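S.K.: generate a structure from the sequence data that follows.
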Amino acid sequence: MKERIIKYAFISVIFIFLILYFFGGRMYEYRQHEKKVLTEEQIKKFESDVKNGVEIDINDYVFKEKDYSNKIVKINDKISDVIEYGFKKAFNYVLKNINV
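M.R.: So this is what the prediction gives:
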């Protein structure tokens with residue numbers, strides 16, 4: 001019975017890790033894309049202001065990134081870090097004890 005519970009718990013942890021890993025990567029890529037788009041927009045704005053002779057202030061072109069993280073995101077990050085640490089330890093142990 002204990003083996004069955006451990007088996008399902010391990011499968012659940014792997015499943016949660018994979019979900020967090022997949023969606024975490026996608027969120028990062030999306031944020032980087034948004035930064036690129038906003039940067040290109042700010043460059044175009046700067047160039048048009050230079051052509052039009054408008055007084056230039058650096059604060060008009062600097063984009064401040066908003067922090068959208070909340071408790072759920074922070075908890076997911078901690079869970080992901082714990083799972084990653086566990087996988088590293090487990091794989092290192094397995095690799096050290098493999099007899100070839």
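S.K.: in this protein, spot the helix with the most residues.
M.R.: Taking DSSP state H as the criterion, the chain has its longest helix at helix 2-52.
S.K.: so where's the chain uncertain?
M.R.: 24-25, 38, 63, 65, 99-100 (pLDDT under 70).
S.K.: separation between the residue at the greatest distance from the centre of it and Val73?
M.R.: In the chain, the residue that sits farthest from the middle, by CA atoms, centre = their mean, is Gly53; the gap is 40.6 Å. Noted for Gly53: a distance of 44 Å to Val73, by CB to CB, to the nearest Å. Just so you know, the C-beta spots here come from the backbone N, C-alpha and C atoms, and that holds for glycine as well.
S.K.: what about Gln42, how many residues close to it?
M.R.: 14 (other CB atoms under 10 Å).
S.K.: can you point out the buried residues in stretch 15-27?
M.R.: The neighbour-count check on stretch 15-27 (16 or more other CB atoms under 10 Å) flags Phe17, Leu20 as buried.
S.K.: centre of the chain to it, how far?
M.R.: How far stretch 15-27 lies from its chain's middle: 9 Å, per CA atoms, centre = their mean, to the nearest Å.
S.K.: go on, stretch 78-90?
M.R.: Relative to its chain's centre, stretch 78-90 lies at 15 Å (CA atoms, centre = their mean).
S.K.: what residues sit buried inside that stretch?
M.R.: Ser80, Ile83.
S.K.: returning to that earlier point: who are the packing partners of the longest helix of the chain?
M.R.: Contacts defined by 3 or more CB pairs under 8 Å, 6 or more residues apart in numbering; DSSP states H and E place helix 2-52 against helix 71-96.
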